[in-house]
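Student: sequence-free structure coming up:
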Ligand SMILES: Cc1cc2nc3c(=O)[nH]c(=O)nc-3n(C[C@H](O)[C@H](O)[C@H](O)COP(=O)(O)OP(=O)(O)OC[C@H]3O[C@@H](n4cnc5c(N)ncnc54)[C@H](O)[C@@H]3O)c2cc1C
């Protein structure tokens, strides 16, 4: 539809990126309803890493597309991207082959500087890291990190400058089918008519779908991160991911925050663990998490025990689909109910691409920014099967 009335539920990275792209496509009546304040959900609690070092072609293509938008925000709006690089450690021959394939795909998609590097090069990048058990790494020198809170607020400003409305402290309480569209009601008693509703409510997405009589299989998964004081590690440390895919083990990641300070967390592919109620979960880090993180960090950064200490930790939510992939596009039972969610631990880095494609589904009736995104449609077999 050329110029529909759109109500976006959720003022996080995904909802606001969708709003920006809707205005770019000429939609003049866009309202974002946010229950609390902009980035009050996962988007303000993330570690903010943006990178393209993935294995699957679609995963890479979405992130490469997103990087174009981040670069544009950096150039035109002063988005602060710290380009410390992203390094995925490679432990075995299988991972090395996967890394080489990733580099080939990234080169094809325009990421010219992605490379597989050897152990010596890895050691040069992070002199304090234990490297004797590594074959090398998958290295993206131009990857970096941003502040999720500042980024979401920048998106809100850009959307508002382009004519969208971003209404905070407006909790959606009902979504009623109304002819071809919807009537959206808020707790404050407002009532909005919408040709399209966009469900961008992060870990609350299943509840928003339910208001419209629809189902969105989703879990809210609690994840923690912590500040690490690392005196003496005064160089810029890349974002390092030390995880062996499909190993069933818990990996560790860390990145530069400022000289002498890192941010670190734990990584696993366990989908069902740590499921919580998004309205009621512990916001500070657990002592067991801090203990395990300290242990994992000391294994990878042997100087950690002498030079470092763990500071404050916090917890936030990954909105996770049963098959681990985002959900993007019209609902099979309601074509004017658009989902943009289930982005898990990658919602900041994916948001520009997912938001643009959500806008395309609404305005053009089909996606075109990135090839092959129809596999992410809500209602797909891997969601329904996993749920039922
Ligand atoms: C510890 C941690 C580290 C992370 N690190 C990274 C990283 O390095 N890189 C990366 O890309 N991603 C990272 N993520 C993941 C990323 O933060 C999320 O995937 C992303 O923020 C999801 O964005 P969203 O817009 O879908 O959800 P949210 O940001 O949660 O936004 C949803 C919004 O909907 C609102 N809402 C809910 N119900 C209603 C209602 N009824 N009415 C109105 N509004 C409502 C909420 O208040 C919320 O603001 C991390 C997450 C955590 C927790």
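Tutor: Cool, the structure landed. This one's a predicted model, so the numbers in the text were calculated from it and none came from an experiment.

Student: ok, and the helix or strand in this protein with the lowest average confidence?
Tutor: The weakest-scoring helix or strand in the chain, judged by mean pLDDT, DSSP states H and E, is helix 304-307 (a mean of 68).

Student: does any bit of the helix or strand just after that helix sit next to the ligand?
Tutor: Counting by DSSP states H and E, the next helix or strand C-terminal to helix 304-307 is strand 308-320. Yes - Strand 308-320 comes into contact with the ligand (CB under 6 Å from any ligand atom), by way of 316-319. Placement of C-beta: from N, CA and C, glycine included.

Student: and the following helix or strand past strand 308-320, how far from the chain's centre?
Tutor: As assigned by DSSP H and E, the chain's next helix or strand after strand 308-320 is strand 327-331. How far strand 327-331 lies from its chain's middle: 17 Å, per CA atoms, centre = their mean, to the nearest Å.

Student: now do strand 327-331: which elements does it pack against?
Tutor: Using 3 or more CB pairs under 8 Å, 6 or more residues apart in numbering; DSSP states H and E, the elements in contact with strand 327-331 are strand 334-341, helix 347-363.

Student: that one near the ligand anywhere?
Tutor: No - judged by CB under 6 Å from any ligand atom, strand 327-331 and the ligand are separated, with a smallest distance of 10.2 Å.

Student: what is the mean pLDDT for stretch 164-171?
Tutor: Confidence for stretch 164-171, expressed as mean pLDDT, is 98.

Student: pull out the buried residues from that stretch.
Tutor: 164-166, 170 (16 or more other CB atoms under 10 Å).

Student: ok, now stretch 95-112?
Tutor: If you call a residue buried by 16+ other CB under 10 Å, then stretch 95-112 has these buried ones: 95-96, 98-99, 102-103, 105-106, 109, 111.

Student: okay, and which of those residues map to helices?
Tutor: 95-96, 98-99, 102-103, 105-106 (DSSP state H).

Student: pLDDT wise, what is the closest residue to residue 139 other than its chain neighbours at?
Tutor: Once flanking residues are discounted, residue 139 sits nearest to residue 117: 4.8 Å by CB to CB, 6 or more residues apart in numbering. Residue 117 carries a pLDDT value of 98.

Student: what about the buried residues of stretch 164-171, which are in strands?
Tutor: 165-166 (DSSP state E).

Student: out of the buried residues of stretch 164-171, who's nearest residue 353?
Tutor: Set against residue 353, the nearest of those by CB to CB is residue 164 (19.2 Å).

Student: and that closest one, what does it touch?
Tutor: 19-20, 22-23, 30-32 (CB atoms under 8 Å, 6 or more residues apart in numbering).

Student: what's the most distant pair in these?
Tutor: 20 and 31 (13.7 Å).

Student: between the two, point out the one with more neighbours.
Tutor: Legend: neighbour count by other CB atoms under 10 Å for residue 20 and residue 31, higher for residue 20 (27 against 19).

Student: mind checking how far stretch 256-273 is from the chain centre?
Tutor: Its chain's C-alpha centre and that of stretch 256-273 lie 14 Å apart, by CA atoms, centre = their mean.

Student: that should have said stretch 118-132, apologies.
Tutor: For stretch 118-132, the distance to the chain centre is 28 Å (CA atoms, centre = their mean).

Student: return the set of buried residues in it.
Tutor: Residues of stretch 118-132 classed as buried under the neighbour-count rule (16+ other CB under 10 Å) are 119, 122-123, 125-126, 128-131.

Student: with stretch 132-140 instead?
Tutor: Using 16+ other CB under 10 Å as the test for burial, stretch 132-140 gives 134-140.

Student: what's the closest of those to residue 68?
Tutor: Nearest to residue 68 out of those is residue 140 (CB to CB; 14.8 Å).

Student: that closest one reaches residue 114, doesn't it?
Tutor: Yes - the pair residue 140 and residue 114 qualifies as a contact (CB atoms under 8 Å) at a distance of 5.2 Å.

Student: give the residues shared as contacts by the two.
Tutor: Any residue near both residue 140 and residue 114 by CB under 8 Å, 6+ apart counts here, and that gives 52-53, 106.

Student: okay if I get these as JSON lines plus distance to the ligand and pLDDT?
Tutor: Putting those into JSON lines (distance: CB to the nearest ligand atom, whole Å; pLDDT from 0 to 100) gives the following:
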{"residue": "52", "distance to the ligand": "12", "pLDDT": "97"}
{"residue": "53", "distance to the ligand": "12", "pLDDT": "96"}
{"residue": "106", "distance to the ligand": "17", "pLDDT": "98"}
